[in-house]
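Chemist: Quick check, what structure comes out for this input:
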Amino acid sequence: MIVGLGVDVVDLARFERAVSRTPRLRERLFAESERSLPLRSLAARFAAKEALVKALGDAEDVRWVDMEIASDATGNPSFVVEGPLGALLARRGIGALHVSMSHDAGVAVATVVAERLP
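Modeler: Numbering: from 1, shown residues only. Next up is the predicted model:
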């Protein structure tokens, strides 16, 4: 059963300016495994993290770096569900997160679906 849906869009130029002005944003927003990715990929991950918060309604006790996104061998993204994020999902009975990200024409977009499994 779907219990939450979130979507977010990030302007790539604005995101690049923010990261250039405040280099510590990479450390505050992204897990160590994500930080070396190109800016367009980071923008898509930021959109996915915002979409996750929207799908959940909030993200109590979960920091941005706790919402790590990894890609499998074929490039499909997924949230790393452990630590504070895993605990939050367990408390809410959410058994699966589905994420889709894209970037093109100056924007990054992401959608997250939170699902309660039987």
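
Chemist: So which elements touch the host helix or strand of residue 54?
Modeler: Element membership of residue 54 [criterion: DSSP states H and E] is helix 39-56. Contact here means 3 or more C-beta pairs under 8 Å, 6 or more residues apart in numbering; DSSP states H and E; on that basis helix 39-56 packs against strand 2-11, helix 12-21, helix 25-29, strand 69-71, strand 77-79, strand 96-104, strand 107-115. C-betas here are computed from N, CA, C, even on glycine.

Chemist: Out of these, the one nearest residue 38 is which?
Modeler: Nearest to residue 38, of all the helices and strands packed on helix 39-56, is strand 96-104, at 9.3 Å by C-beta to C-beta.

Chemist: Other residues contacting the closest one?
Modeler: Outside strand 96-104, the residues within contact range by C-beta atoms under 8 Å, 6 or more residues apart in numbering are 12, 40-41, 43-45, 47-48, 51-52, 55, 69, 77-79, 81, 89, 108-115, 117.

Chemist: For that strand, give the mean pLDDT please.
Modeler: Strand 96-104 carries an average pLDDT of 97.

Chemist: Can you mark which positions in that strand are buried?
Modeler: Residues of strand 96-104 classed as buried: 97, 99, 101, 103 (neighbour count, 16 or more other C-beta atoms under 10 Å).

Chemist: Taking those, tell me the two that lie furthest apart.
Modeler: For these, the maximum inter-member distance is 19.9 Å, found between 97 and 103 (C-beta to C-beta).

Chemist: Next up, the contacts around residue 34.
Modeler: By C-beta under 8 Å, 6+ apart, residue 34 lies in contact with 42, 45, 68-69.

Chemist: now, the most widely separated pair of those?
Modeler: Most distant of the contacts of residue 34, by C-beta to C-beta, are 42 and 68, 12.4 Å apart.
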